[in-house]
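Asks: My questions concern the predicted model and sequence given below.
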Amino acid sequence: MKKQIRILLVEDDATDAELIKHALRKDGFIFTFQRVETSEDYMEAIDKEVPDVILSDYALPSFDGYTALSIAQKKCPDVPFIFVTGTMGEEVAIETLKNGATDYVLKLRLARLAPAVTRALRESKERSERKRAVEQLRQSHEQLRALSIYLQEIREEERIRISRAVHDELGQALTGLKIDLSWLAHRLPKEMTPVLNKARDMSAHIDETIQTVRRISTELRPGILDHLGLVAAIEWQANELQSRTGIHCKISSSLDHTVLDEDLNTVFFRIFQETLTNVVRHAHATRVDVNLREENNRLILEVKDNGRGITKEQISNFKSIGLLGMRERASLLGGEVVITGVPKKGTRVIVSIPLPLPATRTNKRHQQQHPHHENSHSRRSRGSATWVETNPRR
């Protein structure tokens, strides 16, 4: 059984209106029907109840089809609009279709009306379903984006909490244990050489454990990022890379301010960490050049290595979780990550994120957290740029 439809007819001739109704009933249409002749009645009918399809004559004494089409596109753009007219040249017919009409039917060939209405309603339904699907997809994407932001925040908060616990509680406990061991060793008789040697070994082992605790705490969330800013944190991370791997790192920065928005600091630092991880694992590079700058109210981080060069297939591989994570982090702040590679010449990663308004360039976490121990680093200035050439520890 066909569903009842609402038809709005713009027609000044009652006889023609009856012929149109007859043609539709003959093909089995079930409908409610309203005929109007003036623009006032036409707009009132649309405002009262949006029809399923609009049929309109092309020329009326006090109204015209073009005006009716224009009104329909503004008030109900998804409703099919079909011209049903006595005469219409080919050029005029093409022009009406270009202007948004769904179809046209000559009154001398009303047998075409029912198929035209059927097709128009079907296409309208398909468009509505597509729009609904797109809207649902958009809402789903927004929900996933909100969830991703939430998970990123929770992960960083958890890193900070664990870093503090490891550094403050475990670190202090180990320090206290070393003090107690030292107290005990100084009270042992000198002739108890094996016991004294064991105490010294235990003290050295505690020192190593304390350094391990500090390293783990720093890797979880480097306090230097919160207290000294992004540039200092990048310098420290580059120095750590060179100390562990021997890969030469050169850092340049032309930022006038080192304390940026908290979220911006975190995103850039985590992307930089992932980039260096990829260099170590895949690039087989011996040198990494890093540049941090501000252009057109955007913060730009460029990392370039001299390794084997990433391929297009690797860049587009959906299984590359690290690269996907980098892009997702940047997109959360309205930014982007562009990765290019040249075989045997290296890979270039450019991260670009809009800077927040000047009033918001504050490090919130710096005001909320207590400072804790951090590895030292060195910098030297050349003009407006800060150049850092990290050297392996000896």
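Replies: Done, it's in.
Asks: So the protein: which segments form each domain?
Replies: 5-130, 223-389 (automatic domain parsing).
Asks: I'd like those as CSV, with mean pLDDT appended.
Replies: Below are these laid out as CSV (pLDDT from 0 to 100):
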stretch, mean pLDDT
domain 5-130, 89
domain 223-389, 78
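Asks: could you redo these as a markdown table and give each row distance to residue 148?
Replies: The C-beta positions use only the backbone N, C-alpha and C, and glycine is treated the same way. Shown next, in a markdown table, are the domains of the chain (distance: least, CB to CB, whole Å):
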| stretch | distance to residue 148 |
| --- | --- |
| domain 5-130 | 26 |
| domain 223-389 | 6 |
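Asks: Residue 210: which of those is closest?
Replies: Among those, the nearest to residue 210 by CB to CB is domain 223-389 (10.0 Å).
Asks: that older thread, is it possible to get TSV of the domains of the chain that adds mean neighbour count and distance to residue 160?
Replies: Shown next, in TSV, are the domains of the chain (neighbours: other CB atoms under 10 Å; distance: least, CB to CB, whole Å):
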stretch	mean neighbour count	distance to residue 160
domain 5-130	17	45
domain 223-389	17	7
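Asks: and residue 17, helix, strand or coil?
Replies: Of the three states, residue 17 takes helix under DSSP: H, G, I helix; E, B strand; the rest coil.
Asks: Please read the previous query as pertaining to residue 334.
Replies: Following three-state DSSP, residue 334 is assigned to coil.
Asks: Residue 353 is in contact with that one, correct?
Replies: Yes - here residue 334 reaches residue 353: they are 6.8 Å apart, a contact under CB atoms under 8 Å.
Asks: and residue 192, which of the domains of the chain is closest to it?
Replies: Comparing the domains of the chain by CB to CB, domain 223-389 comes nearest, at 34.5 Å.
Asks: Distance-wise, check the most centrally placed residue in the chain relative to residue 187.
Replies: By CA atoms, centre = their mean, the chain has its centre lying nearest to residue 331, at 3.0 Å. Using CB to CB, to the nearest Å, residue 331 is found at 62 Å from residue 187.
Asks: Would you verify that residue 293 is located in a helix?
Replies: No - applying three-state DSSP, one finds residue 293 to be strand, outside a helix.
Asks: how about it, what does it touch?
Replies: Listed by CB atoms under 8 Å, 6 or more residues apart in numbering, the contact set of residue 293 reads 253-255, 299-300, 302.
Asks: If you count neighbours, what's buried in stretch 215-222?
Replies: For stretch 215-222, a neighbour-count test (16 or more other CB atoms under 10 Å) marks 217-218, 220-222 as buried.
Asks: which helices and strands sit right next to the lengthiest helix in the chain?
Replies: For the chain, the helix with the greatest residue count under DSSP state H is helix 113-164. Helix 113-164 is packed against helix 14-26, strand 53-56, strand 81-85, strand 103-106, helix 193-220, helix 321-332, with contacts defined by 3 or more CB pairs under 8 Å, 6 or more residues apart in numbering; DSSP states H and E.
Asks: circling back: go through the buried residues of stretch 215-222 and name the one nearest residue 41.
Replies: Among the buried residues of stretch 215-222, residue 221 lies closest to residue 41 (CB to CB), at 69.3 Å.
Asks: Would you agree the closest one is in contact with residue 160?
Replies: Yes - using CB under 8 Å, residue 221 is in contact with residue 160, at 4.9 Å.
Asks: State the mean pLDDT of stretch 196-210.
Replies: Summarised as a single mean, pLDDT over stretch 196-210 is 88.
Asks: pretty sure residue 200 contacts residue 185?
Replies: Yes - counting by CB under 8 Å, residue 200 touches residue 185, with 7.2 Å between them.
Asks: So between those two, which is more surrounded?
Replies: residue 185 (17 against 13; other CB atoms under 10 Å).
Asks: Please name the spatially closest residue to that one (chain neighbours excluded).
Replies: Leaving aside its chain neighbours, residue 185 sits nearest to residue 199 (4.0 Å; criterion: CB to CB, 6 or more residues apart in numbering).
Asks: Let me see the contact set for the one you found.
Replies: 181, 184-185, 188.
Asks: could you flag which of the residues you listed are buried?
Replies: 181, 185.
Asks: Sitting in helices, which of the contacts of residue 199 do you find?
Replies: The helices, defined by DSSP H, take in 181, 184-185 from those.
Asks: quick revisit: now the contacts of residue 199 as TSV including distance to residue 173?
Replies: Below are the contacts of residue 199 laid out as TSV (distance: CB to CB, whole Å):
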residue	distance to residue 173
181	13
184	16
185	19
188	23
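Asks: Just give me the closest of the contacts of residue 199 to residue 242.
Replies: Closest approach to residue 242 among those (CB to CB): residue 181, at 34.5 Å.
Asks: Tell me the strands beside the host helix or strand of residue 32, with direction?
Replies: Using DSSP states H and E, the element containing residue 32 is strand 31-36. Looking at strand 31-36 with DSSP bridges, its partner strands are strand 5-10 (parallel).
Asks: the inter-axis angle of the strand it pairs with versus helix 113-164?
Replies: If you take axes from the mean of the first three to the mean of the last three CA atoms, to 10 degrees, strand 5-10 sits at 120 degrees to helix 113-164.
Asks: follow-up on the earlier one: okay, angle between the longest helix of the chain and helix 321-332 too, please.
Replies: Between helix 113-164 and helix 321-332, the angle comes out at 100 degrees (the same axes, to 10 degrees).
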